[in-house]
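> I'll drop the sequence and a predicted model, then ask my questions.
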Amino acid sequence: MPPAVRPPASYRALGWLLAVPALLGTLITLVLPTVQTIVLSLHSGGVLQPSRFVGLDNYGKVLGGEEFWRALGFTLSLTAGPLLVAVVVGPLLALALDRGGALPRRAGLVAMSLAIVTFSPIGVAAAWLRGTSPDGPGIATLAEGLRDPATAPGTLRLVVVAATFGVVCALALTAFLPALRGGTAGRATVVVAVLVALATVAVGAQAFSIGMALTRGGPERATQTLAGLQYDFAFRMAQFGPGAAVAALTGVLLGVLGIVAVVVAVAARLRVTVLPKRDRSGAFPAEPSDRPASASDRSASASDRSASASDRSASASGRAPTRGGVVAGAVALVLVVAVGLVCAWPWISGVLAGGDGAVSGGLRAQVNTWVPAVAGALVSVGVAYLAALGIGGLRPLGARSEWLLLPFAPWLFVGTGPLGVADWQNMRNLRLVDTFFALFPPLLVSVPALLVLTLLCKGLAERNDRDFFGGVLLPSLPMAGVLAGAVTLVNAQDVLWPLLVAQSPELFTVPVTQMGRLGGFHGVPDVGASTPLVVVVVALAAVVAAQLRYLDRLAVSVNGSRPARTSP
């Protein structure tokens with residue numbers, strides 16, 4: 001492998017400079033709200049009563065009561081099912097499709113992409129609630145168990161597993177396939193599995209939408225989650241102190257998970273890189289070498305190119321697929337898709353049944369949903385990308401540059417929920433509540449995007465035999481676009497933040513409108529309103545193109561191991 005082109009020492013100052021916007025964004029929208037949350041948790045009162053310092057009384061009230069521990073236990077139990085899918089089904093499916101060769105693998109990527117672009121927590125919840133009606137469709141009749149306090153927790157766990165099965169499989173597949181292209185696939189897969197497990201638990205710890213829409217924490221608080229308990233304290237009972245205490249305790253859990261994830265990634269010397277495209281003969285371009293090629297080298301290279309050209313269906317790890325591997329890959333894909341269709345049937349039947357789209361998915365609601373979502377994603381991922389180019393690409397601390405991610409680590413998995421009390425108070429103090437501007441996500445930097453892009457820029461810089469522009473910036477730019485699209489989808493389906501800051505119906509997003517109709521007497525809303533056809537078509541085309549043209553060429557390696565060749 002040729003030596004990487006190291007940026008001149010003068011460029012290291014540019015690396016620090018590119019990280020400044022992310023540092024400022026983290027300070028303003030993550031660190032300060034965290035400090036405010038802690039301060040609020042030490043005071044009593046809120047909107048209706050004057051605030052006064054009470055020390056640790058709120059923590060004593062929260063930790064000394066049964067509600068918090070029951071909510072914590074139930075919240076963690078909700079992550080068990082998706083966690084098993086992510087770390088068991090995901091890697092097994094990735095391995096089967098990898099061994100099956102290019103056709104099964106790419107078919108799997110295309111099929112699973114649909115689960116990503118159509119996933120809507122509120123839409124799924126609305127679909128499952130149709131099962132409580134006398135003519136409920138098939139598996140959705142399980143929702144009847146949500147009415148009984150004795151069966152509601154178990155029923156909600158099953159609903160969460162079914163509702164998230166497709167999207168969890170799709171995301172896990174996207175994460176594990178690149179690990180199989182690493183020079184040491186086993187170790188890379190283990191590291192990726194640890195990161196995926198930490199992320200799954202962190203996301204589950206902030207669960208709000210599905211549970212709130214289906215049960216609102218009932219019956220008899222049997223399905224109360226941490227996010228729901230925080231919401232009840234702070235915004236239903238107007239007790240900011242206990243609500244902030246729950247948020248702070250949740251933040252501690254998420255901070256520990258984030259720090260562990262970053263330490264694991266950096267200590268394992270994890271890196272992501274983009275493998276080259278194949279030439280017209282079907283072979284990969286030969287990597288340049290520091291020494292002249294001997295006759296035997298040229299002969300071996302010609303032989304390798306011939307073998308590569310004849311192998312049109314090599315697996316992602318570089319192994320030629322066997323007939324058994326192809327069959328296993330096809331069977332695995334069919335089984336996962338079949339299970340996914342069964343689990344998604346309530347949503348599919350709900351979309352086919354239609355609904356009052358004029359109310360749930362009107363043009364104004366769609367604008368309120370997607371304009372802030374897109375703008376928030378462009379800002380947060382754009383800021384993260386600049387920092388990633390500086391930290392991972394220009395490497396201001398040399399080989400230790402990735403440790404610069406550690407200051408961001410406590411907020412790696414933190415969403416709007418744990419900071420919601422402080423962020424809402426800030427919006428109220430600025431007189432922005434119930435304005436269109438308030439709908440924009442309050443986070444100026446996406447820390448998950450920063451981690452992924454930094455590891456990618458690091459891998460590109462270490463293997464770069466060209467200039468920084470052609471060897472690092474251009475190959476990493478598509479990943480920034482992919483992450484911006486992913487953050488857009490997450491922002492658009494978020495219900496908590498728009499629910500807090502929008503009181504006027506003219507400012508409701510589609511998910512908020514759907515939730516409101518679920519809690520009223522208007523019947524079940526249009527299940528597919530939050531994933532309109534035009535968005536699904538555009539997003540699906542973009543995701544499929546990204547999967548086949550870019551993500552299918554990513555390789556994840558650890559400890560400096562050399563990535564394997566990718567498939568045709």
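Received, thanks.

> pLDDT weak spots in the stretch 301-450 of the chain?
Within the stretch 301-450 of the chain, the stretches with pLDDT under 70 are 301-320, 354-361.

> go again using 90 as the cut-off
Applying pLDDT under 90 to the stretch 301-450 of the chain flags residues 301-325, 345-363, 398-399.

> how close does residue 172 sit to residue 180?
Distance of residue 172 to residue 180, given as C-beta to C-beta, to the nearest Å: 13 Å. For glycine as for every other residue, the C-beta is placed from the backbone atoms N, C-alpha and C.

> which residues do these two both contact?
residue 94 (C-beta atoms under 8 Å, 6 or more residues apart in numbering).

> which parts of the protein are strands?
Secondary structure of the chain (DSSP state E): strands located at 43-44, 52-53, 271-274, 554-557.

> and the second one, what's its mean pLDDT?
The reference is to strand 52-53. Average pLDDT, strand 52-53: 90.

> residues making contact with that strand?
Strand 52-53 is contacted from outside by 42, 43, 44, 45, using C-beta under 8 Å, 6+ apart.

> pull the distance from it to the chain's centre.
Strand 52-53 sits 38 Å away from the centroid of its parent chain (C-alpha atoms, centre = their mean, to the nearest Å).

> then stretch 379-393?
For stretch 379-393, the distance to the chain centre is 17 Å (C-alpha atoms, centre = their mean).

> how about the CA coordinates for that stretch, as PDB?
What follows is stretch 379-393 as a C-alpha-only set of coordinates in PDB (Å, rounded to 0.1, in the frame of the first residue of the first chain):
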ATOM      1  CA  VAL A 379     -27.000  22.800   9.100                       C
ATOM      2  CA  SER A 380     -26.200  20.100  11.600                       C
ATOM      3  CA  VAL A 381     -24.600  17.700   9.100                       C
ATOM      4  CA  GLY A 382     -22.800  20.500   7.300                       C
ATOM      5  CA  VAL A 383     -21.200  21.800  10.500                       C
ATOM      6  CA  ALA A 384     -20.300  18.200  11.400                       C
ATOM      7  CA  TYR A 385     -18.700  17.600   7.900                       C
ATOM      8  CA  LEU A 386     -16.500  20.700   8.300                       C
ATOM      9  CA  ALA A 387     -15.200  19.400  11.600                       C
ATOM     10  CA  ALA A 388     -14.700  15.900  10.200                       C
ATOM     11  CA  LEU A 389     -12.600  17.300   7.300                       C
ATOM     12  CA  GLY A 390     -10.500  19.100   9.900                       C
ATOM     13  CA  ILE A 391     -10.200  16.300  12.500                       C
ATOM     14  CA  GLY A 392     -10.100  13.200  10.300                       C
ATOM     15  CA  GLY A 393      -8.800  14.700   7.000                       C
END
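
> hey, where'd the helices end up in the stretch 1-150 of the chain?
Shown for the stretch 1-150 of the chain, the helices assigned by DSSP state H, counting those that start in this stretch span residues 11-26, 32-41, 57-64, 66-84, 90-100, 102-118, 121-129.

> can I get those in a markdown table with mean neighbour count and distance to residue 196?
A markdown table is the format used below for the helices of the stretch 1-150 of the chain (neighbours: other C-beta atoms under 10 Å; distance: least, C-beta to C-beta, whole Å):
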| stretch | mean neighbour count | distance to residue 196 |
| --- | --- | --- |
| helix 11-26 | 18 | 24 |
| helix 32-41 | 19 | 25 |
| helix 57-64 | 17 | 30 |
| helix 66-84 | 18 | 9 |
| helix 90-100 | 24 | 7 |
| helix 102-118 | 21 | 15 |
| helix 121-129 | 27 | 20 |
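
> now the ones you listed in a markdown table, with distance to residue 321 and mean pLDDT?
Compiled in a markdown table, these are given as follows (distance: least, C-beta to C-beta, whole Å; pLDDT from 0 to 100):
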| stretch | distance to residue 321 | mean pLDDT |
| --- | --- | --- |
| helix 11-26 | 42 | 92 |
| helix 32-41 | 49 | 97 |
| helix 57-64 | 55 | 95 |
| helix 66-84 | 28 | 95 |
| helix 90-100 | 6 | 94 |
| helix 102-118 | 8 | 92 |
| helix 121-129 | 35 | 89 |
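
> for residue 406, which of these is the nearest?
Smallest distance to residue 406 across those (C-beta to C-beta): 12.1 Å, for helix 11-26.

> mind giving me the packing neighbours of the closest one?
Under the contact criterion of 3 or more C-beta pairs under 8 Å, 6 or more residues apart in numbering; DSSP states H and E, helix 11-26 touches helix 363-388.

> now the helix it packs on, how far from the centre of its chain.
15 Å.

> you'd agree residue 223 is up against residue 150?
No - counting by C-beta atoms under 8 Å, residue 223 stays clear of residue 150, with 11.7 Å between them.

> so for these two, which sits in the more crowded spot?
residue 223 (27 against 11; other C-beta atoms under 10 Å).

> let me see the contact set for the more buried one.
Contacts of residue 223 (C-beta under 8 Å, 6+ apart): 74, 146, 152, 153, 156, 211, 214, 215, 217.

> what are the phi and psi values for the residue lying closest to it once chain neighbours are set aside?
Nearest residue to residue 223 in three dimensions, chain neighbours excluded: residue 215, at 4.5 Å (C-beta to C-beta, 6 or more residues apart in numbering). Backbone dihedrals for residue 215, given as degrees, to the nearest 10, come out at phi -130, psi -20.

> same question for residue 42.
Torsion angles, degrees, to the nearest 10, at residue 42: phi -100, psi 10.

> tell me, how many residues neighbour residue 274?
Residue 274: 22 surrounding residues under other C-beta under 10 Å.

> next one: residue 259
14.

> how about it, what does it touch?
Counted by C-beta under 8 Å, 6+ apart, residue 259 has contacts 406, 409, 410, 412.

> who wins for neighbours among the residues you listed?
Compared across the contacts of residue 259, residue 412 has the highest neighbour count, 25 neighbours, by other C-beta under 10 Å.

> isn't residue 80 up against residue 158?
No - with contacts counted by C-beta under 8 Å, residue 80 stays clear of residue 158, the gap being 11.3 Å.

> before we move on, the earlier item: adding distance to residue 241, write the strands of the chain out as JSON lines.
Formatted as JSON lines, these follow (distance: least, C-beta to C-beta, whole Å):
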{"stretch": "strand 43-44", "distance to residue 241": "5"}
{"stretch": "strand 52-53", "distance to residue 241": "9"}
{"stretch": "strand 271-274", "distance to residue 241": "43"}
{"stretch": "strand 554-557", "distance to residue 241": "44"}
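
> circling back: list just the nearest of the contacts of residue 259 to residue 381.
Among these, and counting by C-beta to C-beta, the member closest to residue 381 is residue 412, at 14.6 Å.

> that closest one contacts residue 448, correct?
Yes - the pair residue 412 / residue 448 is scored as a contact, 6.3 Å apart, by C-beta under 8 Å.

> any common contacting residues for those two?
Counting by C-beta under 8 Å, 6+ apart, nothing touches both residue 412 and residue 448.

> to residue 506, which of the strands of the chain lies closest?
strand 43-44 (33.7 Å).

> who does the closest one pair up with?
strand 52-53 (antiparallel) (DSSP bridges).

> how about the longest helix out of those in the chain: buried residues?
Criterion DSSP state H: the longest helix present in the chain is helix 323-353. Neighbour counts using 16 or more other C-beta atoms under 10 Å place 325-326, 328-330, 332-333, 336-337, 339-340, 343-347, 349-351 of helix 323-353 among the buried residues.

> next one: stretch 478-487
Applying 16+ other C-beta under 10 Å to stretch 478-487 flags 478, 479, 480, 482, 483, 484, 485, 486, 487 as buried.
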